[in-house]
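Trainee: Sequence and predicted model, in that order:
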Amino acid sequence: MANIRELKKDINYVLGDIIEAVYIVEASNNKYGSKEGSEIIDGAITTFDDLITKVNMKSVDNKKEHLKNVRKELEEKARELVDKLNTLS
């Protein structure tokens, strides 16, 4: 299913971009490996693992609705991580 593949790519790209943004902010502020940055990166990795697990679930009744909810959760979690990223600088 192309829809599942695209959702997996979106999860990877969005959370990967957030992790990359943490490194950029830390580099521009000379705060390499800050505690706050590490928390954001850990949150992104945990979110990635959780969402990929949900996408790969086989025992769901309504697959379309399930994937729609996963996409919505991605947007919510990404927004939370970006808000934390904005306070990092």
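Mentor: Perfect, thanks for sending it.

Trainee: Please name the residues that touch the most centrally placed residue in the chain.
Mentor: Among the residues of the chain, the one closest to the centroid is Leu15, at 3.4 Å (C-alpha atoms, centre = their mean). By C-beta atoms under 8 Å, 6 or more residues apart in numbering, the contact set of Leu15 is 44-45, 47-48, 78, 81. No exception for glycine: its C-beta is placed from N, CA and C like everyone else's.

Trainee: same thing but 6 Å
Mentor: Leu15 makes contacts with 44, 48, as judged by C-beta atoms under 6 Å, 6 or more residues apart in numbering.

Trainee: What strand or helix carries it?
Mentor: According to DSSP states H and E, Leu15 maps onto helix 2-28.

Trainee: could you give the mean pLDDT of that helix?
Mentor: Across helix 2-28, the average pLDDT comes to 92.

Trainee: Remind me what the strand or helix carrying Glu65 packs against, helices and strands.
Mentor: In this structure, Glu65 sits in helix 63-88 according to DSSP H and E. The contact analysis (3 or more C-beta pairs under 6 Å, 6 or more residues apart in numbering; DSSP states H and E) places helix 63-88 against helix 2-28, helix 35-55.

Trainee: and of those helices, who's closest to Asn69?
Mentor: Nearest to Asn69 among the helices and strands packed on helix 63-88 is helix 35-55 (8.3 Å), distances taken as C-beta to C-beta.

Trainee: Tell me how far the residue lying farthest from the centre of the chain lies from Ile52.
Mentor: Using C-alpha atoms, centre = their mean, the residue of the chain lying farthest from its centre is Asp61. It sits 25.1 Å away. Distance of Asp61 to Ile52, given as C-beta to C-beta, to the nearest Å: 20 Å.

Trainee: now Ser28
Mentor: For Ser28, the distance to Ile52 - C-beta to C-beta - is 30 Å.

Trainee: between the two, which one's more packed in?
Mentor: Ile52 (15 against 9; other C-beta atoms under 10 Å).
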